[in-house]
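Q: Build me a model:
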Amino acid sequence: MASNTASGLMPTRGPVPGQMTGPAAGPVPGQTPGPAAGPVPGRPTGPVPGLAHAPTAATRAEAPTVPAHMLPHRTPAQLLTIARQGLAEAAQTRADGQRYATAHMAALRAAAAVLAARARPAAPSRRSRVTSVWSLLVLVAPEFSEWASYFALGASKRAAAEAGIPRVVSPREADDLLRASEQFVALVESALGLTYQPPFPGQLAA
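A: Here you go, the predicted structure:
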């Protein structure tokens, strides 16, 4: 198991000053796609209260339960590192559909990191009908509900783009989704008390 340092994420004592100011650009369903002029009312505008530190053993025992098969096998730090890698890949992808799909997957990894940090497996005797990571995110961290709704609406477009269906999304939709994913990943990092450490050029080469 890789350590937080090796995965590119270092634990912090709280939100990093100057980081995460909320979704300043990503579109909201029902609005005209395009960069927003400021934070969208109702969305998180900073580090989420109550999520600034990793849970203790006592709080973990009281954590919401989710189906065991839906809990990630990777650590939150590993999932956020993969999410960051996805964002970097999406930023370099010219095809609109692939850029959209890659950015959406990065957001999904960040949501999975919240589940890994905040949830515990449910009793094996009863299987929940909830199978969507976004639905589980609402149960585990209600403060991310609007983010979950936003990304859940884009799941079908991501699937169509991954299937190679042309012109599923416009260039602006892909760019907006990428910006929203970047903001969401940054918020999750702050909420879990982790900050991204970009690798040195030598590490990238390796």
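Q: What separation do you get for residue 109 and residue 147?
A: According to Cβ to Cβ, to the nearest Å, residue 109 stands 14 Å off from residue 147. Yep, even glycine has a C-beta here, placed from its N, CA and C like the rest.
Q: just residue 179 next, same as before
A: Here the criterion is Cβ to Cβ. By it, residue 179 lies 13 Å from residue 147.
Q: who has more neighbours, the two?
A: residue 147 (26 against 18; other Cβ atoms under 10 Å).
Q: mind checking the SS state of the more buried one?
A: The three-state assignment at residue 147 reads helix, by DSSP: H, G, I helix; E, B strand; the rest coil.
Q: Might one say that it is in contact with residue 185?
A: No - here residue 147 does not reach residue 185: they are 10.5 Å apart, not a contact under Cβ atoms under 8 Å.
Q: part of a strand, is residue 195?
A: Yes - according to three-state DSSP, the state of residue 195 is that of a strand.
Q: Now residue 120. Its backbone dihedrals?
A: The phi and psi torsions at residue 120 (degrees, to the nearest 10) take the values phi -130, psi 160.
Q: what number of residues lie near it?
A: Residues lying near residue 120 (other Cβ under 10 Å) number 16.
Q: i'd like the first residue to be 31 from this point on
A: Fine by me, first position is 31 from now on; the one you just mentioned is residue 150.
Q: Look up which residues are beta-bridged to it.
A: With beta bridges defined as DSSP bridges, residue 150 has these partners: residue 95.
Q: Check the gap between it and residue 183 for me.
A: Counting by Cβ to Cβ - residue 150 and residue 183 are separated by 28 Å.
Q: Residue 224 now?
A: The value you get for residue 224 to residue 183, if Cβ to Cβ is used, is 27 Å.
Q: And residue 177, by the same measure?
A: Relative to residue 183, residue 177 is positioned 11 Å away (criterion: Cβ to Cβ).
Q: for residue 118, same thing?
A: According to Cβ to Cβ, residue 118 and residue 183 sit 24 Å apart.
Q: same check, this time on residue 213
A: Between residue 213 and residue 183 the distance is 16 Å, computed by Cβ to Cβ.
Q: And these two? Which one has more around it.
A: Applying other Cβ under 10 Å to residue 213 and residue 183 shows that residue 213 carries more neighbours, namely 22 against 13.
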